[in-house]
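Undergrad: Whatever this is, show me its structure:
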Amino acid sequence: MAIAILTSGGDCAGMNPAIKQFVDYCFNKKIEPFLIYDGLEGLIDGNIKKASYDDVAGIMHEGGTKIRSSRSKRFFDLEYRKQAFENLQKHGIDKLIILGGDGSFRALDQFYKDFGIKFIGIPATIDNDIFGTEYCLGVDTALNIIREATDAIRDTSASFKRACVIETMGRDCGYLALVSAITCGAEVCMIPELDYDLEVIGKRLKQELKEGRKYIVCVVAEGCSKNRCTTTNELVRWLEEDVGIETRATILGHIQRGGNPTVYDRLMASEFVTFAIEEILKEDSESSVIVYNKSEFQFVSIDYVNSSKYEIKKELLDLARRLVN
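TA: Numbers count the residues shown, from 1 in each chain. As a prediction, this is how the structure comes out:
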């Protein structure tokens, strides 16, 4: 019996611990583990290698993915999916574990319908925006990187009586910015999910500055484009010209995807993979996605994951409402 693992879409911390657990656990179960390099593109190109202990030695603490990732347009073409299937047949592989987002799961779901290659999807994206799961691999590390950066930026803002605008990732989902603003004690949080009024916020900030506030921390999601504030640079101009405080901007960018995986992401990676392997070995199991809700792991269908758009919990949104008015 042979199982392969691949990583697809955006990378995140926690993928390497998952890959290591996959190889180690497969050997423990007397299963042949294979590594597919370069994601779906590597599946098409036949970049598939039988794994050894040496392939995963010393990668537990590394961010990113040692087997690399990709986004593949070719995989939407049946001709290339057939080529990918033939590559798997050469190695006797009929089961896949994939770490990625809902787009990657949809791709393999079509692959399963075409050729019957069963798979389990593991949600791995720092945006934490996959419907049906409260937690995606890599989120905890990303939040800790943002926290460390925000704490450091606050130090210099306080020293110079400045405002700072910190832009996090989150094109369609403001989860990273929201949680970071709450846990870092920001004065302003702007995310796509919450309406805000710059005039109202400006009045509040000016009053707080009069009453002794020495600096302002504003955390904004990159996908925040409501009202008249569409870019981080516009926020900087607004703070300087309307609120009247010297301001600096920091766009964290891809630093949020890398870095040393936290203990929590390492543990979750190990649990995700272990349960995924156990599930895919069951004769009556179907292709599915493993999710984590209310401290429990569950398996749900691809159709369920794709049935709706992820929404941040109301309780979290309520915690941040005071930062947008």
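
Undergrad: Quick check: buried residues in stretch 213-224?
TA: Neighbour counts over stretch 213-224 (16 or more other Cβ atoms under 10 Å) mark Y215, I216, V217, C218, V219, V220, A221, E222, G223, C224 as buried. Backbone N, C-alpha and C define where each C-beta goes, glycine included.

Undergrad: ok, which pair from those residues is furthest apart?
TA: Within these, Y215 and G223 form the most distant pair, 25.5 Å apart (Cβ to Cβ).

Undergrad: Okay, and which of the buried residues of stretch 213-224 map to strands?
TA: I216, V217, C218, V219, V220, A221 (DSSP state E).

Undergrad: what would these look like in CSV with distance to G100 and pLDDT?
TA: Converted to CSV, those look like this (distance: Cβ to Cβ, whole Å; pLDDT from 0 to 100):
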residue, distance to G100, pLDDT
I216, 37, 98
V217, 33, 98
C218, 32, 97
V219, 27, 97
V220, 26, 95
A221, 21, 94
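
Undergrad: Distance from the chain centre to stretch 182-201, please.
TA: How far stretch 182-201 lies from its chain's middle: 22 Å, per Cα atoms, centre = their mean, to the nearest Å.

Undergrad: ends of that stretch, how far apart?
TA: One end of stretch 182-201 sits 17 Å from the other (Cα to Cα, to the nearest Å).

Undergrad: mind listing the helices in the stretch 51-200 of the chain by residue range?
TA: Secondary structure of the stretch 51-200 of the chain, counting by DSSP state H, counting those that start in this stretch: helices at 53-56, 78-91, 102-115, 139-160, 175-184, 198-210.

Undergrad: and among these, the most buried is which?
TA: Comparing the helices of the stretch 51-200 of the chain by mean neighbour count (mean count of other Cβ atoms under 10 Å), helix 175-184 ranks first with a mean of 24.

Undergrad: Which strands and helices lie in contact with that helix?
TA: Contacting helix 175-184 under the criterion 3 or more Cβ pairs under 8 Å, 6 or more residues apart in numbering; DSSP states H and E are the following elements: helix 139-160, strand 163-168, strand 188-190, strand 216-221, helix 314-320.

Undergrad: I'd like to know how far the residue nearest to N47 when sequence neighbours are not counted sits from F75.
TA: Computed as Cβ to Cβ, 6 or more residues apart in numbering, the closest residue to N47 that is not its neighbour in sequence is Y37, at 4.3 Å. Plainly put, Y37 is 15 Å away from F75 if you go by Cβ to Cβ, to the nearest Å.

Undergrad: now swap in R106 and tell me
TA: 10 Å.

Undergrad: now F275
TA: 26 Å.

Undergrad: go on, M1?
TA: 25 Å.

Undergrad: Same check on A249?
TA: 37 Å.

Undergrad: Those two: which has the busier surroundings?
TA: Between A249 and F75, counted using other Cβ atoms under 10 Å, the more crowded position is F75 (23 against 18).

Undergrad: Surely that one touches F85?
TA: No - using Cβ atoms under 8 Å, F75 is not in contact with F85, being 11.3 Å away.

Undergrad: Spit out the residues that contact the two alike.
TA: F111 (Cβ atoms under 8 Å, 6 or more residues apart in numbering).

Undergrad: List the residues that contact the closest residue to A107 other than its chain neighbours.
TA: Closest residue in space to A107, ignoring its immediate chain neighbours: F75 at 5.2 Å, by Cβ to Cβ, 6+ apart. F75 makes contacts with L40, E41, L43, I44, R81, A84, A107, F111, as judged by Cβ under 8 Å, 6+ apart.

Undergrad: Can you give me the neighbour number for the closest residue to F160 other than its chain neighbours?
TA: Leaving out its chain neighbours, the residue that sits closest to F160 by Cβ to Cβ, 6+ apart is E246, at 7.0 Å. Here the number of neighbours of E246 (other Cβ under 10 Å) works out to 14.

Undergrad: Could you point out the helix or strand that follows the worst-scoring helix or strand of the chain on mean pLDDT?
TA: Lowest on mean pLDDT, DSSP states H and E among the helices and strands of the chain sits helix 232-238, with a mean of 92. As assigned by DSSP states H and E, the chain's next helix or strand after helix 232-238 is strand 247-251.

Undergrad: List the buried residues in that next one.
TA: T247, R248, A249.

Undergrad: quick check: angle from that strand to strand 163-168?
TA: 10 degrees (axes from the mean of the first three to the mean of the last three Cα atoms, to 10 degrees).

Undergrad: so what secondary structure elements neighbour strand 247-251?
TA: Counting contacts by 3+ Cβ pairs under 8 Å, 6+ apart, strand 247-251 is packed against helix 139-160, strand 163-168, helix 232-238.

Undergrad: For the closest residue to T133 other than its chain neighbours, give me the pLDDT.
TA: Once flanking residues are discounted, T133 sits nearest to V291: 3.6 Å by Cβ to Cβ, 6+ apart. Looking at V291, its pLDDT is 98.

Undergrad: From Y304, how far off is V291?
TA: 9 Å.

Undergrad: more crowded one of these two?
TA: The neighbour comparison of V291 against Y304 (other Cβ under 10 Å) goes to V291, with 23 against 14.
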